[in-house]
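Visitor: Have a look at this prediction, sequence included:
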Amino acid sequence: MIRQDFSRVDPKRRAALDYKKKQFAKPEFKQQDYEHRLNFYVLPPTAEITLEEFEIWAINRLKVLSELEACSFRNRTLEETETYMSSILDKYLPLHSNSSRSSTLQEERKKDHYSHFILRLAFSATEDLRRRFSRLETTLFRLRFKDDNLRERVQFVNSLGLEWEKIDKEEREELASELTAAGGYGKGEEQGWFKVDFERVPELVEGRRVLLKRGKAYVPMREQQSIVVAEFTRKLDEALELTARQLPRIDEDDRLAPILAHLSQSFTAPDAAYSTSDANIDGLSTPTAASIDTLAQHFPLCMHNLHSTLRANSHLKHFGRLQYTLFLKGIGLSLDECIMFWRRSFKLMADDKFNKEYKYNIRHAYGDVGGDANRRGRGYTPYSCQKLLTEPLPGPGQAHGCPYRTYTTDNLIALLQRTGVNDRDTLKSVREDVGRQRYHIACNRVFEWTHKREIKKVKDDGSWGAAELDTILHPNTYFKRSWLLKHLGEGNAGVVGGASQDKMDVGE
């Protein structure tokens, strides 16, 4: 006879829950007090912030992580990365020590805390995103730990309650010769040691900087940074796995889901906001339809390709026209001059056909026609690299998008060689970048080679800092930086303003 288990819930009936009992603790929303500059991000934030803060803080942190990733792609050492990132961190994610007595101390740490957790939500969806996020956050933590005030660093480490055991005098004397060999210091030098499970310090084990004995790693005190960083990575990896399991619930929030989706897309190439100030370039007067051919040598490959296709075919398809029109709008070409440029470019077309089928779209892009919202917003903004890299691929006969993504590798190399990029090492690196889908890094690599003398000059004389030479994330930024570098110290000598200057050589 089968005994019935009355403790089991009948699958055809709902489990009986006592509504009088509390099933979950009531959440407490409160501001946190940040005692330390550094953070292991164990406790999630619990205070309210606006949606605007939510998005802006996340974008600022994403810019920092993207620059860190660019440094690793360029094989910069930790010291070089630290120097390069200093001004970028000050701009987007400042974090002062307690001794600075800054009035914005708590606000800086709050932004750091919240922005980490926001990006944690955005980058938990796939294993690749989790791995990249963990690697970059670890690098950021390492830079901050190294830069931290010594006394505050000790206080922070003591607050972590890490499971390491200081070895006593007897054990140190017993293992004296082995510890001396592993630590690389003389007998006369005093050295503190602690031991942990060897799995906790893979970096030190790989570098043979610890003594391994009975499953324990004996770590010299000077290697404290490595074990703290390893612990940070371990905890973050575990937290990312837990966050990934909660994503289905978060996707139900109509306010957050679109923002998080946009942020995760931005990890391909971070989005770069375009402002009208990018069209204001010292020494360059307002571009005209007649000056575009001359200015094209400063265009990024995506726009140079559109310009060449237009000149060869006297035509571009819709998405190519829109992408190029917005770029020209971004470099300062007026609506009237833009209409004139396209009319001259479509030289095989009758006036009636151009006016009926093409002119309106140009005016709409500039915000001259269309609905109230379009006119108030002055039309569309120029496309960023992130926009170009996340749009559908072009079809037959279309030339829009980013060539680093849309071209086969061999065709891309041939296109670069036609534009004058013939350095073997640069082309080899571009192949590797494209193979790993680092399209915006490949573009920046080409920019650095074509402007290598000018970049060296501004670095040597200190006239441009890291912020002025950070990773290019927008075609209009590429144009502006290229023009300024090629006209260093010229003032208005390189102005390209009209038909009389069509043949002026604005480059080298």
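Guide: Great, that's in hand.

Visitor: Check what pLDDT P382 gets.
Guide: pLDDT, P382: 93.

Visitor: quick one: the residue nearest to it when sequence neighbours are not counted and R424, what's the gap?
Guide: Leaving aside its sequence neighbours, P382 sits nearest to G330 (Cβ to Cβ, 6 or more residues apart in numbering; 3.6 Å). The way it works is simple: take the backbone N, C-alpha and C, and place the C-beta from them, glycine included. Relative to R424, G330 is positioned 33 Å away (criterion: Cβ to Cβ, to the nearest Å).

Visitor: who has more neighbours, those two?
Guide: Between G330 and R424, counted using other Cβ atoms under 10 Å, G330 has the larger neighbour count: 23 against 7.

Visitor: S134 is in contact with L236, isn't it?
Guide: Yes - the pair S134 / L236 is scored as a contact, 5.3 Å apart, by Cβ atoms under 8 Å.

Visitor: Compare the two and say which is more crowded by neighbours.
Guide: L236 (22 against 19).

Visitor: Tell me which residues of the helix or strand containing S134 come out buried.
Guide: Assigned by DSSP states H and E, S134 belongs to helix 127-147. Residues of helix 127-147 classed as buried by neighbour count (16 or more other Cβ atoms under 10 Å): 129-130, 133-145.

Visitor: And the contacts of it?
Guide: Identification of contacts with helix 127-147 by Cβ atoms under 8 Å, 6 or more residues apart in numbering yields 37-38, 64-65, 68-69, 72, 78, 81-82, 85, 89, 95, 116, 119-120, 122-124, 153, 225, 228-229, 232-233, 236-237, 240-241, 244, 264, 267.

Visitor: I'd like the average pLDDT over the host helix or strand of R321.
Guide: R321 is located in helix 318-330, with elements delineated by DSSP H and E. Averaging pLDDT along helix 318-330 yields 96.

Visitor: So for whichever helix or strand comes after it, what gets flagged as buried?
Guide: Toward the C-terminus, helix 318-330 is succeeded by helix 335-345 as the next helix or strand (DSSP H and E). The neighbour-count check on helix 335-345 (16+ other Cβ under 10 Å) flags E337, C338, I339, F341, W342, R343, S345 as buried.

Visitor: now for helix 335-345, which elements pack on it?
Guide: helix 318-330, helix 351-357, helix 359-365 (3 or more Cβ pairs under 8 Å, 6 or more residues apart in numbering; DSSP states H and E).

Visitor: thinking again about what came up before, please find the angle between the direction vectors of the helix holding R321 and helix 335-345.
Guide: 140 degrees (axes from the mean of the first three to the mean of the last three Cα atoms, to 10 degrees).

Visitor: Use 6 as the first number for this chain going forward.
Guide: All right, first residue 6 from here; so that's helix 323-335.

Visitor: who's in contact with helix 323-335?
Guide: 279, 283-284, 292, 297, 304, 307-308, 311-312, 314-315, 321, 343, 346-347, 363, 366-367, 370-371, 384-388, 393, 399, 403-406, 480-481, 484.

Visitor: same thing with stretch 71-78?
Guide: 85-86, 89-90, 93, 137, 141, 144-145, 272, 274-275, 438, 443, 446, 449, 475-476, 478.

Visitor: how far is that stretch from where the chain is centred?
Guide: 8 Å (Cα atoms, centre = their mean, to the nearest Å).

Visitor: in that stretch, what counts as buried?
Guide: S71, E72, L73, E74, A75, C76, F78.

Visitor: can I assume the fifth one sits in a helix?
Guide: So the one you mean is A75. Yes - per DSSP: H, G, I helix; E, B strand; the rest coil, A75 lies within a helix segment.

Visitor: Tell me how far it lies from N44.
Guide: Taken as Cβ to Cβ, the span from A75 to N44 is 24 Å.

Visitor: Which of the contacts of helix 132-152 fall in strands?
Guide: If you go by DSSP state E, the contacts of helix 132-152 have nothing in strands.

Visitor: Select only the buried ones of the residues you listed in ChimeraX?
Guide: The buried residues among those can be selected in ChimeraX (16+ other Cβ under 10 Å) with this line:
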select :42,43,69,70,73,74,86,87,90,94,100,121,124,125,127,128,129,158,233,234,237,238,241,245,249,269,272
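
Visitor: Tell me which of the contacts of helix 132-152 fall in helices.
Guide: The helices, defined by DSSP state H, take in 69-70, 73-74, 77, 83, 86-87, 90, 94, 121, 124-125, 127, 158, 230, 233-234, 237-238, 241-242, 245-246, 249, 269 from these.

Visitor: how many degrees apart are the helix or strand containing R254 and helix 132-152 in direction?
Guide: R254 belongs to helix 229-255 when assigned by DSSP H and E. In terms of direction (the same axes, to 10 degrees), helix 229-255 departs from helix 132-152 by 140 degrees.

Visitor: Distance from the chain centre to the helix holding R326, please.
Guide: 25 Å.

Visitor: Also stretch 336-356?
Guide: On Cα atoms, centre = their mean, the centre of stretch 336-356 falls 36 Å from that of its chain.

Visitor: end to end, how far does it reach?
Guide: End-to-end span of stretch 336-356 (Cα to Cα, to the nearest Å): 26 Å.

Visitor: Which of the helices and strands in this structure ranks last by mean pLDDT?
Guide: helix 377-381 (a mean of 72; mean pLDDT, DSSP states H and E).

Visitor: Any stretches of this structure with poor pLDDT?
Guide: Along the chain, the model assigns pLDDT under 70 to residues 6-35, 188-196, 256-257, 271-284, 381-382, 496-513.

Visitor: measure the most centrally placed residue in it to S77 for me?
Guide: Among the residues of the chain, the one closest to the centroid is S71, at 2.3 Å (Cα atoms, centre = their mean). Look at S71 and S77: by Cβ to Cβ, they are 11 Å apart.

Visitor: Can you list the buried residues in stretch 217-226?
Guide: Quick answer for stretch 217-226 (16+ other Cβ under 10 Å): K221, A222, Y223, V224, P225.

Visitor: May I see those arranged in TSV, with secondary structure and distance to L265 as well?
Guide: Output for those, formatted as TSV (DSSP: H, G, I helix; E, B strand; the rest coil; distance: Cβ to Cβ, whole Å):
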residue	secondary structure	distance to L265
K221	strand	42
A222	strand	39
Y223	strand	44
V224	strand	39
P225	strand	43
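
Visitor: D415: which of those is nearest?
Guide: A222 (48.7 Å; Cβ to Cβ).

Visitor: Pull the contacting residues for the closest one.
Guide: K200, V201, D202, F203, R205, V206, L209, V210, V215, L216.

Visitor: Following the chain past the helix or strand containing A262, name the next helix or strand.
Guide: Counting by DSSP H and E, the element that carries A262 is helix 261-270. Using DSSP H and E, the helix or strand that follows helix 261-270 in sequence is helix 297-300.

Visitor: Tell me the buried residues in that next one?
Guide: Buried, per 16+ other Cβ under 10 Å, within helix 297-300: I297, T299, L300.

Visitor: How far does that helix sit from its chain's centre?
Guide: 31 Å.

Visitor: related to what we said a few turns ago, now a PyMOL select for only the buried ones of the contacts of helix 323-335.
Guide: To isolate the buried ones among these in PyMOL, judged by 16+ other Cβ under 10 Å, type:
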select buried, resi 279+283+284+292+297+304+307+308+311+312+314+315+321+343+346+347+363+367+370+371+384+386+387+388+393+404+405+406+480+481+484
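
Visitor: chain center to stretch 211-223: distance?
Guide: Worked out by Cα atoms, centre = their mean, stretch 211-223 lies 36 Å from the chain centre.
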